[in-house]
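1. curious how this folds, go ahead:
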Amino acid sequence: MRILLDNLGKILEGFQVTLVLFAGGTVLALVVGTVLAAMRVSPVPPLRWAGATYVNVVRNTPLVLVFIIIVFGLPELGIRLSFRTFAILAVGTYTAAFVTEALRSGINTVGAGQAEAARSLGLTFGQTLSQVVMPQAARSVIPPIGSILIAMLKNTSVAAGFGVIEATGTLRELGRDFPQALYWLFFGIAAGYVVLVLLLSVAFRELERRLVVLR
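-> Residues are numbered from 1 along each chain as shown. A predicted model of the protein is given here:
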């Protein structure tokens, strides 16, 4: 326990990196996922095909393999970034495939009559989707989006295997330096993840409650 408390600052730094990966991955996943969801319901067949291909390929690819492709593949193409940025790209692009399907399911819950009414008023497909359909779809999929992002928070631990010292990487380093306190360190890091997940769960429940009232 003393070792855990003595290294509390280092552990908090690890969780700070975890939160940076989570924040960056969340923004990337939501942006890319929204674009892909629009492609999935687009009236243009090539866009629908491209969106479906991305989702099917990425969802059926292990996250570790996505990390390998990005961390080792992009530098071969001349793209050289920090390992932390590579980690954000990996978790963000991977999670985007799941966000896409959640948003697409929400789009399918919006009545077809609303889209038809929007088109009768002269709105284009993009205007109908962004101003009429997507706002309603986003409210209906807050719970699954929350679950997806919570899973992404835990998936950031994969970055420890690719040179990013986040919470799990900190556990590995401290466990190597203080093997006699490994169990305390493990439970301390695990407790940190539990706290973060609980906070996210509460935040999404509150967000769902507030937005449901607006319907």
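
2. okay, Ser147: pLDDT?
-> Each residue has a pLDDT score; the one for Ser147 is 93.

3. work out for me the element it sits within.
-> Under the assignment given by DSSP states H and E, the secondary-structure element containing Ser147 is helix 142-155.

4. what lies in contact with that helix?
-> 18, 22, 25-26, 29, 63, 91, 94-95, 98-99, 102-103, 105, 193, 196-197, 200-201, 204-205, 207-208, 211 (CB atoms under 8 Å, 6 or more residues apart in numbering). C-beta: built from backbone N, CA, C; applies to glycine.

5. could you do stretch 95-105 as well?
-> Counting by CB under 8 Å, 6+ apart, stretch 95-105 makes contact with 25, 28-30, 32-34, 36-37, 40-41, 51, 54-55, 58-59, 134, 137-138, 141, 144-145, 148-149, 151-152, 155, all of which sit outside it.

6. buried ones in that stretch?
-> For stretch 95-105, a neighbour-count test (16 or more other CB atoms under 10 Å) marks 95-104 as buried.

7. just for this protein, where's the confidence low?
-> Low-confidence segments of the chain, defined by pLDDT under 70, are located at 1-8, 163, 165, 171, 175, 177, 181-182, 212-215.

8. how about a cut-off of 80?
-> Per-residue confidence of the chain (counting by pLDDT under 80) places the weak regions at 1-12, 110-126, 130-131, 160-186, 188, 210-215.

9. which residues of it fall in helices?
-> Under the criterion DSSP state H, the chain contains helices at 2-6, 8-40, 45-59, 63-68, 74-76, 83-109, 112-120, 125-128, 134-140, 142-155, 167-177, 182-213.

10. hey, which of these is tucked in deepest?
-> For the helices of the chain, the stretch with the most neighbours on average is helix 83-109, a mean of 21; neighbours defined as mean count of other CB atoms under 10 Å.

11. for Glu101, see how far away Ile69 is.
-> When CB to CB, to the nearest Å is applied, the distance between Ile69 and Glu101 equals 21 Å.

12. repeat for Trp184
-> With distances defined as CB to CB, the gap from Trp184 to Glu101 amounts to 40 Å.

13. do the same with Thr53
-> Note on Thr53: its distance to Glu101, by CB to CB, is 13 Å.

14. just Val133 next, same as before
-> Separation of Val133 from Glu101 (CB to CB) stands at 16 Å.

15. just Ala115 next, same as before
-> For Ala115 relative to Glu101 (CB to CB), the value is 20 Å.

16. do the same with Ala160
-> As for Ala160, its distance to Glu101 is 28 Å (criterion: CB to CB).

17. could you do Ala29 as well?
-> When distances are taken as CB to CB, Ala29 and Glu101 turn out to be 12 Å apart.

18. what does Lys10 give?
-> Lys10 sits 38 Å away from Glu101, taking CB to CB as the criterion.
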